[in-house]
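Student: Build me a model from this:
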Amino acid sequence: MSQAQLFAIAVVGVLFGPLLAIWPYRMARWSEILDAIGRKPAGRVEPADWQVLLTRVFGIGLSLAGVVAAVLYVL
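Tutor: Here you go, the predicted model:
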């Protein structure tokens, strides 16, 4: 893996991972709002509980990957 790839993974992981882990409901809701574009209005869009949990788990994993990539980039 090249240094540029490690740097890119580190930046994305450190910037977006904590957001997904700290505010999973908001991020999952944003995803649902974007998915609902073009559909007939049926009221407020809410994410499912499994999607919020999956968003949090993905955020934690992305954060860890970003930290590991940052450490490998520095070394």
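Student: Return the set of buried residues in the lengthiest helix in the chain.
Tutor: Ranked by residue count under DSSP state H, the longest helix found in the chain is helix 49-74. Across helix 49-74, burial judged by 16 or more other Cβ atoms under 10 Å covers 51-52, 55-56, 58-59, 62-63, 65-66, 69-70, 73. The way it works is simple: take the backbone N, C-alpha and C, and place the C-beta from them, glycine included.
Student: And stretch 4-21, by the same measure?
Tutor: By neighbour count on 16+ other Cβ under 10 Å, the buried set for stretch 4-21 is 6, 9-10, 13-14, 16-17, 20-21.
Student: Show me which of the buried residues of helix 49-74 is closest to residue 41.
Tutor: Distance to residue 41 across the buried residues of helix 49-74 (Cβ to Cβ) is lowest for residue 51, with 20.6 Å.
Student: wait, that closest one sits on residue 28?
Tutor: Yes: counting by Cβ atoms under 8 Å, residue 28 is a contact partner of residue 51 at 4.8 Å.
Student: and residue 16, what does it touch?
Tutor: Residues near residue 16 by Cβ atoms under 8 Å, 6 or more residues apart in numbering: 59, 62.
Student: State the distance from it to residue 54.
Tutor: Computed as Cβ to Cβ, to the nearest Å, the residue 16 to residue 54 distance reads 15 Å.
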